[in-house]
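# Just to be clear, the model below is a prediction. Sequence and coordinates:
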Amino acid sequence: MRRLTVLLVSLVALMLVFPIVGQAEQDDERNSYYYILIDRFQNSNSITEEGVDRNDPFGFHGGDFVGIADRISHIDNDLGVSHVVLSPVFASEDYTGQTVLDYEQIQQTFGSIEDAIETVDMFNEAGIEVILHFPMEQMSENSPLMEEEWVTEEGTIQVEDEAAQAYLLEQMTDWQETLGTSGFYISDVDQLPVDYVDTLTNELSDLFWISDLADFNESNVESILDAGFDRVLHGEFREDARELFKTIEVDYDSILNDPYLDDERVVHYMDHYTTDRFTRAMEESGLHPITRWKMALTYLYMTPNEPWLFQGTEVPSDGLVEDNSHHAMVNFLSGDEQLIRHIEKLESFTGHFPEVSHGDMNVLHDDDYFLVFEREHEGNRVLVAINNSPEFQYTEIDHLPADMEMRGLIEDDLIRENEDGTYTVSLERESSNVFNVQPNQGIYWPLTLLFFGVLGAFIVFAIIVYRKNRREDRLKQEQNSNSNE
C-alpha cells in the first residue's frame with residue numbers, strides 16, 4: 001500500500017508539471033556555461049600532494065580531475081549546463097594556470113593526462129561540451145620558453161611575433177586533439193592582433209570560441225565577433241547587475257537599457273574567477289544572500305543572453321579578491337540546496353519553452369522596483385516577474401488574449417482573467433516568478449480525478465489499518481480475559 005501511495009503521489013507531481021510545459025525542439029536549446037577552477041573545485045585525495053599547501057591562500061589546494069569527475073552528475077542533473085569551461089590545465093606555478101610553466105606538460109597536482117582525457121570523455125557522454133581556457137599572456141620565469149625571442153625578460157609573450165603565433169596555435173591544436181575538447185576560452189582577446197584571432201578561428205573552425213575583453217566596448221565586441229568568435233562575456237553587465245540585486249529599491253534602467261540585452265552572442269554573469277563573489281555584496285546591504293541570488297539568477301536565465309556560472313554559485317560561495325577567499329574550495333556539503341533547485345528549475349524552462357530559448361523580450365511593467373517582462377515566440381508567451389521592493393507589488397496586464405491563464409513555475413500560482421479582461425500579476429517582496437501563459441484549462445479533470453484517486457487510496461488504507469488495529473485489540477482483550485480466568 002505504501003508503494004502504491006508513493007507511486008500515485010509521483011504521478012500527481014508529473015501531471016502538475018507536464019500539462020503546462022510545452023517541449024521545445026532540440027534546435028531551440030541555448031547554451032549555459034559553468035567555469036571550473038580545477039585546483040579549487042574538489043580534491044579526490046587520490047592524486048599527489050606534492051606542491052599542495054592548503055594553508056597558503058595563494059598556493060595549490062589539491063583540486064583535481066578525479067574530483068571533477070565525481071561531480072559530473074551534479075553539474076549535469078542539478079545544474080543542467082550545456083558547456084563546462086576548464087581553467088588552464090598546463091604545468092604552472094600559479095594555481096589558476098594563468099602563468100604557464102610548460103604548455104606541453106599537464107599540471108601534476110591535477111592528475112595525469114589520462115585522468116584529464118577520462119574526465120572530458122565523461123562530460124561528453126553526459127552531453128556536456130568542454131571548453132579549455134587557454135592563456136596567451138604570461139610565462140613563468142622558470143619556463144624553458146624564456147629562451148625564446150618572443151618571450152620578454154618579464155615572461156610576457158609577444159603574441160604579435162609570428163613564431164609565437166605558430167607555437168601557440170600548434171599547442172592549441174595538440175591539446176584539443178588529445179583531450180577531445182569542443183573549443184577554447186581566451187581572456188582579454190582584444191589584446192591579441194586581430195589577424196591572429198582570424199587565423200585561430202579559421203585554422204580551428206569547427207571549434208567553439210568564447211572570450212572576455214580587457215576593454216568592453218562596441219568596437220571591440222563587433223571586431224572579435226566578426227573575427228570568428230562565437231561568444232563574448234559582458235563584464236559591464238556584472239557591475240550593473242551587482243549594484244541592482246545586492247539591495248532593494250534600485251531600478252532596472254542600467255540593465256534594461258543595455259544595448260546588448262537581446263544579443264545572444266553576449267554572455268551575462270554575476271560571478272567570475274577575477275571578481276569578488278556576489279554573495280559578499282549582501283554583507284554591505286544586510287539582506288539574505290539566497291533571496292538576492294534567486295532574483296539575480298531569474299533575470300540571468302530568463303533574458304535572451306546566455307548565462308555563465310562560476311563554480312560555487314550554487315552553494316553559494318563567498319569571498320573577496322583581496323584575500324583570495326573568492327577562490328576557496330567549493331563547499332558541496334553546505335547543506336543548503338535552495339539555489340541548486342532554483343537553477344535546476346530555470347535551466348529546465350530553457351529546455352521546455354522555445355520562447356525562453358530565443359523568443360523576443362518585451363517589458364510590460366517597470367515601476368516601483370517591480371519588473372514584469374515577457375518572452376514571446378510564435379504567439380507563445382512566458383511572463384517573468386521580479387519584485388525588488390520591500391513590499392507586496394502587483395500590476396494589471398492588458399495585452400493578453402481573452403480566456404487565458406498563467407501558471408507559476410517557480411512558486412505555485414494561478415492567474416486567470418479579470419472581468420475587465422486584464423490579468424493581475426503580483427509578487428511578495430524580494431521575490432521572482434515565471435509564468436507560463438496558456439489557454440484557460442478550467443477544471444483539469446485528469447488531475448482532479450487523480451487527486452481524488454490518491455485521496456481515496458489514503459481513505460481505504462486508513463480503514464484497513466483501523467480495522468486491523470481493532471482486530472488486534474480484540475484478540476489482546478480475549479487473551480487477557482482467558483489468562484485471568
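Okay, I see it.

# got the contact list for Val330?
Neighbour list for Val330: Arg40, Phe41, Gln42, Gln311, Gly312, Val315, Ser317 [criterion: Cβ atoms under 8 Å, 6 or more residues apart in numbering]. The way it works is simple: take the backbone N, C-alpha and C, and place the C-beta from them, glycine included.

# quick one: the closest residue in space to it that isn't next to it in sequence and Ile410, what's the gap?
Spatial nearest neighbour of Val330, chain neighbours left out: Gly312 (4.4 Å); criterion: Cβ to Cβ, 6 or more residues apart in numbering. Counting by Cβ to Cβ, to the nearest Å, the separation of Gly312 from Ile410 is 22 Å.

# what's the domain layout of this protein?
28-356, 360-439 (automatic domain parsing).

# What mean pLDDT does the helix or strand hosting Gly453 get?
Element membership of Gly453, judged by DSSP states H and E, is helix 445-484. In this model, helix 445-484 has a mean pLDDT of 68.

# can you pull out the strands in the stretch 301-450 of the chain?
307-310, 360-367, 370-377, 380-387, 393-397, 404-408, 414-416, 423-427, 431-439 (DSSP state E, counting those that start in this stretch).

# Between those, which one is closest to Asp251.
Proximity to Asp251, assessed across those by Cβ to Cβ, is greatest for strand 360-367 (7.5 Å).

# buried ones in that closest one?
Judged by neighbour count (16 or more other Cβ atoms under 10 Å), strand 360-367 contains these buried residues: Met361, Leu364, His365.

# how far away is the last one from Asn142?
Look at His365 and Asn142: by Cβ to Cβ, they are 59 Å apart.

# where does the protein dip in pLDDT?
1-29, 443-451, 466, 472-485 (pLDDT under 70).

# contact partners of stretch 188-196?
Contacts for stretch 188-196 (Cβ under 8 Å, 6+ apart): 136-137, 159-160, 165, 186, 197, 211-215, 220, 223-224, 227, 229.

# Actually, stretch 30-38.
63-65, 68, 75, 79-87, 89, 95-97, 107, 110, 131, 133, 210, 231, 264, 267, 272-273, 301, 306-311, 327, 347, 350, 357-358.

# closest one to Ile340 among the strands of the stretch 301-450 of the chain?
Here strand 307-310 is closest among those (Cβ to Cβ), at 11.2 Å.

# coming back round to it: mind giving me CSV with the buried residues of strand 360-367 and columns for distance to Asn387?
CSV is the format used below for these (distance: Cβ to Cβ, whole Å):
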residue, distance to Asn387
Met361, 18
Leu364, 14
His365, 11
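
# Closest to Leu287 out of those?
Here the nearest of these to Leu287, counting by Cβ to Cβ, is His365; it sits at 23.0 Å.

# That closest one reaches Thr395, doesn't it?
Yes - in this structure, His365 is within contact of Thr395 by Cβ atoms under 8 Å, at 4.4 Å.

# list residues touching both of those two?
In contact with both His365 and Thr395: Val372, Val425, using Cβ under 8 Å, 6+ apart.

# In this model Thr274 seems to touch Thr96, though I could be wrong.
No - if you go by Cβ under 8 Å, Thr96 and Thr274 don't touch, sitting 9.3 Å apart.

# ok, those two, which is more surrounded?
Thr96 (18 against 13; other Cβ atoms under 10 Å).

# Run a quick neighbour tally on the closest residue to that one other than its chain neighbours.
Nearest non-adjacent residue to Thr96, counting by Cβ to Cβ, 6+ apart: Ser87, 6.2 Å away. For Ser87, the neighbour count with other Cβ under 10 Å is 25.

# How about the contacts made by Ser87?
Ser87 neighbours (Cβ under 8 Å, 6+ apart): Tyr35, Ile36, Leu37, Ile38, Asp39, Thr96, Gly97, His133, Tyr273.

# Could you rerun that using 6 Å?
Counting by Cβ atoms under 6 Å, 6 or more residues apart in numbering, Ser87 makes contact with Leu37, Ile38, Gly97, His133.

# Kindly list the main-chain dihedrals of the second one?
When quoted as degrees, to the nearest 10, the phi and psi of Ile38 stand at phi -50, psi -50.

# now stretch 458-465, how far from the centre of its chain.
45 Å (Cα atoms, centre = their mean, to the nearest Å).

# ok, now stretch 187-201?
Centroid separation between stretch 187-201 and its chain, computed with Cα atoms, centre = their mean, is 27 Å.

# Any buried residues in it, and which?
Counting neighbours by 16+ other Cβ under 10 Å, stretch 187-201 gives Ser187, Val189, Asp190, Leu192, Tyr196, Val197, Thr199, Leu200, Thr201 as buried.

# Next, find the distance separating the nearest residue to Val321 once chain neighbours are set aside from Gln438.
Spatially, and ignoring its direct neighbours in sequence, Val321 is nearest to Asp276 (5.5 Å; Cβ to Cβ, 6+ apart). Asp276 sits 41 Å away from Gln438, going by Cβ to Cβ.

# same deal with Met361?
19 Å.

# still on that earlier bit, sort out for me which of the contacts of Val330 are in helices.
Under the assignment DSSP state H, these contribute nothing to helices.

# what about burial for the residues you listed, which qualify?
Arg40, Phe41, Gln42, Gln311, Gly312, Val315, Ser317.

# Could you dump these into a markdown table with distance to Ile255 added?
Formatted as a markdown table, these follow (distance: Cβ to Cβ, whole Å):
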| residue | distance to Ile255 |
| --- | --- |
| Arg40 | 29 |
| Phe41 | 30 |
| Gln42 | 33 |
| Gln311 | 24 |
| Gly312 | 23 |
| Val315 | 24 |
| Ser317 | 23 |
